[in-house]
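Novice: The following comprises the amino acid sequence and a computationally predicted model.
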Amino acid sequence: MPVKITVEKEEKYTRARLGKLSTPHGEVETPIFMPVGTQATVKTMTPEEVHQTGGRLILSNTYHLYLRPGHDLVREAGGLHKFMNWHGPILTDSGGFQVFSLGPLRTITEEGVTFRSHIDGSKHLFTPEKVMEIEQALGADIAMAFDECAPYPCDKEYAIAALERTTRWAERCKKVHNRKDQALFGIIQGGVFNDLRERSAKELLAMDFPGYGIGGLSVGEPKDLMYDVLDHLIPLMPKDKPRYLMGVGSPDCLIEGVIRGVDMFDCVLPTRIARNGTVFTHKGKLTVRNAEFARDFRPMDEQCDCYACQNYSRAYIRHLIKADEILGIRLTTIHNLHFIQQLMENIKDAIRQDRLLQYRQEFLQHFNLG
Ligand SMILES: Nc1ccc2nc(N)nc(O)c2c1
Ligand SMILES: [Zn+2]
């Protein structure tokens with residue numbers, strides 16, 4: 001079994017749990033937040049900096065790496081770990097979401113998805129078999145199955161068709177996946193319809209994957225709707241397998257997801273807003289590039305012990321960003337990754353002390369969601 005979770009403690013008043021996820025590239029604690037490294041790099045960070053900020057398991061994208069530099073090249077380089085010099089665990093998403101978010105540039109048939117490259121407009125076909133070939137060449141510890149992510153909103157018929165195709169494609173992935181040091185995770189779909197979620201879960205649980213992604217969420221639906229889907233879905237999922245809520249999320253969604261029993265998360269938000277000059281602080285978001293910080297010589301977050309907050313002021317980081325100096329967005333990225341990983345550490349502590357609901361209250365009290 002290349003990947004398995006050991007639940008160490010269940011929180012007394014919620015569905016939250018502390019676990020250890022063992023993989024061929026080491027063991028990590030859960031709940032865990034995965035920094036996104038779409039093109040084999042967590043943007044602006046060296047692997048050492050990703051580790052320093054608390055990153056332990058990172059995500060890369062099949063769609064992007066297939067288009068550039070190509071999975072054959074990465075295989076020749078010795079696989080993704082060697083290519084990007086990251087020696088901890090890696091998870092690759094299957095492209096299910098990426099090709100669907102290409103919108104009109106793609107067509108879906110039973111065989112697979114035909115799409116045009118966002119780089120040069122060239123035409124490509126992703127089938128479950130092709131995606132498995134790519135993910136096995138990249139060599140991540142966890143490979144996600146090729147699924148169809150229904151958009152939000154969508155009518156029930158569309159969600160049913162996408163769920164049924166996702167199940168058939170999961171079967172096809174499983175049939176050709178034979179890399180023994182890589183775990184294939186199924187992805188549960190079903191939109192925001194709890195009866196469809198139950199059906200998708202049942203069909204995929206019957207295939208006995210070592211872990212499961214919860215797809216089709218964080219696609220624009222109201223947060224309360226996402227939480228409602230989780231409230232109904234998670235009790236149907238096995239306790240001894242990892243639950244991975246894909247594409248989530250912001251600090252409040254991470255806390256709410258852990259409370260509902262989620263083990264794994266990934267989201268571009270912390271690194272993406274950092275490149276835009278916006279950082280998370282204990283009081284909420286702060287856009288350090290704004291003029292109000294021109295002569296503000298305090299750290300971005302006065303309660304933060306990250307490298308950026310210990311050594312640089314808002315004024316200096318604003319100056320760098322305004323001058324288009326790369327160090328500026330490196331410092332905001334270091335801070336945001338550290339902030340999110342520190343949040344995960346605090347969540348784990350709260351689970352250990354059976355006080356996760358109190359922690360949610362404390363955190364949301366000063367973290368204004370605005
Ligand atoms: N919100 C998301 C993010 C990533 C996804 N990846 C796959 N393969 N499928 C989904 O439904 C996703 C949803
Ligand atoms: Zn900081």
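Specialist: In hand now; what should we look at? Ligands and ions are numbered 1, 2, ... in the order given.
Novice: For the residue positioned nearest the centre of the chain, which non-adjacent residue is closest in space?
Specialist: Of all residues in the chain, the one closest to the mean position by C-alpha atoms, centre = their mean is residue 266, 1.6 Å from it. Excluding the flanking residues, the one nearest residue 266 by C-beta to C-beta, 6 or more residues apart in numbering is residue 34, at 4.1 Å. Backbone N, C-alpha and C define where each C-beta goes, glycine included.
Novice: The one you found is in contact with residue 265, isn't it?
Specialist: Yes - between residue 34 and residue 265 there is a contact under C-beta atoms under 8 Å: 6.7 Å.
Novice: What is the burial count for residue 205?
Specialist: 16 (other C-beta atoms under 10 Å).
Novice: which residues does residue 251 contact?
Specialist: Listed by C-beta atoms under 8 Å, 6 or more residues apart in numbering, the contact set of residue 251 reads 280, 340, 343, 363, 367.
Novice: actually residue 153, sorry about that
Specialist: 192, 221.
Novice: For it, grab phi and psi.
Specialist: phi -80, psi 160 (degrees, to the nearest 10).
Novice: Show residues contacting stretch 41-53.
Specialist: Against stretch 41-53 from outside (C-beta under 8 Å, 6+ apart): 35-37, 55, 58, 84-88, 271, 274-275, 306-307, 326, 329-330, 333-334, 337-338, 341.
Novice: at 7 Å what do you get?
Specialist: For stretch 41-53, the external contacting residues (C-beta atoms under 7 Å, 6 or more residues apart in numbering) are 35-36, 55, 58, 84-86, 271, 275, 306, 329-330, 333-334, 337-338, 341.
Novice: is the lowest-mean-pLDDT helix or strand in the chain anywhere near ligand 1?
Specialist: Across the helices and strands of the chain, mean confidence by mean pLDDT, DSSP states H and E is lowest for helix 96-100: a mean of 86. Yes - Helix 96-100 is in contact with ligand 1 by C-beta under 6 Å from any ligand atom, via 96, 97.
Novice: same deal with stretch 168-185?
Specialist: No - Stretch 168-185 stays clear of ligand 1 (C-beta under 6 Å from any ligand atom), getting no nearer than 9.7 Å.
Novice: Stretch 127-145 too?
Specialist: Yes - using C-beta under 6 Å from any ligand atom, stretch 127-145 reaches ligand 1 at residue 144.
Novice: which bits of the stretch 1-150 of the chain sit near ligand 1?
Specialist: So the stretch 1-150 of the chain meets ligand 1 at 93, 94, 96, 97, 144, 147, 149 (C-beta under 6 Å from any ligand atom).
Novice: can you do 8 Å?
Specialist: 93-98, 100, 144-147, 149-150 (C-beta under 8 Å from any ligand atom).
Novice: Likewise for the stretch 151-300 of the chain?
Specialist: Going by C-beta under 8 Å from any ligand atom, the residues of the stretch 151-300 of the chain near ligand 1 are 187, 189, 213, 215, 216, 217, 218, 219, 246, 247, 248, 266.
Novice: Compile these into JSON lines and extend it with columns for pLDDT and secondary structure.
Specialist: Formatted as JSON lines, those follow (pLDDT from 0 to 100; DSSP: H, G, I helix; E, B strand; the rest coil):
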{"residue": "187", "pLDDT": "98", "secondary structure": "strand"}
{"residue": "189", "pLDDT": "98", "secondary structure": "coil"}
{"residue": "213", "pLDDT": "98", "secondary structure": "strand"}
{"residue": "215", "pLDDT": "98", "secondary structure": "coil"}
{"residue": "216", "pLDDT": "97", "secondary structure": "coil"}
{"residue": "217", "pLDDT": "98", "secondary structure": "coil"}
{"residue": "218", "pLDDT": "97", "secondary structure": "coil"}
{"residue": "219", "pLDDT": "96", "secondary structure": "coil"}
{"residue": "246", "pLDDT": "98", "secondary structure": "coil"}
{"residue": "247", "pLDDT": "98", "secondary structure": "coil"}
{"residue": "248", "pLDDT": "98", "secondary structure": "coil"}
{"residue": "266", "pLDDT": "98", "secondary structure": "strand"}
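Novice: Show me the beta-bridge partners of the closest residue to residue 301 other than its chain neighbours.
Specialist: Sequence neighbours aside, residue 281 is the residue nearest to residue 301 in space, at 3.9 Å (criterion: C-beta to C-beta, 6+ apart). Note on residue 281: beta-bridge partners by DSSP bridges are residue 284.
Novice: May I have the residues that are in contact with residue 259?
Specialist: Contact partners of residue 259, counting by C-beta under 7 Å, 6+ apart, are 14, 15, 16, 356, 360.
Novice: Now with 8 Å, please.
Specialist: Residue 259 neighbours (C-beta under 8 Å, 6+ apart): 14, 15, 16, 356, 357, 360.
Novice: of those residues, closest to residue 24?
Specialist: Among these, residue 16 lies closest to residue 24 (C-beta to C-beta), at 26.8 Å.
Novice: thinking again about what came up before, most neighbours among the residues of the stretch 151-300 of the chain next to ligand 1, which one is it?
Specialist: Neighbour max across these (other C-beta under 10 Å) = residue 216, 34 neighbours.
Novice: so what's it up against?
Specialist: 149, 150, 152, 159, 162, 188, 189, 190, 191.
Novice: what's the farthest-apart pair in those?
Specialist: 152 and 188 (15.3 Å).
Novice: Of these two, which one has the most company?
Specialist: residue 188 (32 against 17).
Novice: Give me the pLDDT for residue 102.
Specialist: Note on residue 102: pLDDT of 73.
Novice: That one - how many residues pack around it?
Specialist: Burial of residue 102 is recorded as 16 neighbouring residues (other C-beta under 10 Å).
Novice: Same check on residue 69?
Specialist: By other C-beta under 10 Å, 15 other residues sit near residue 69.
Novice: Quick check: it vs residue 123, distance?
Specialist: Look at residue 69 and residue 123: by C-beta to C-beta, to the nearest Å, they are 19 Å apart.
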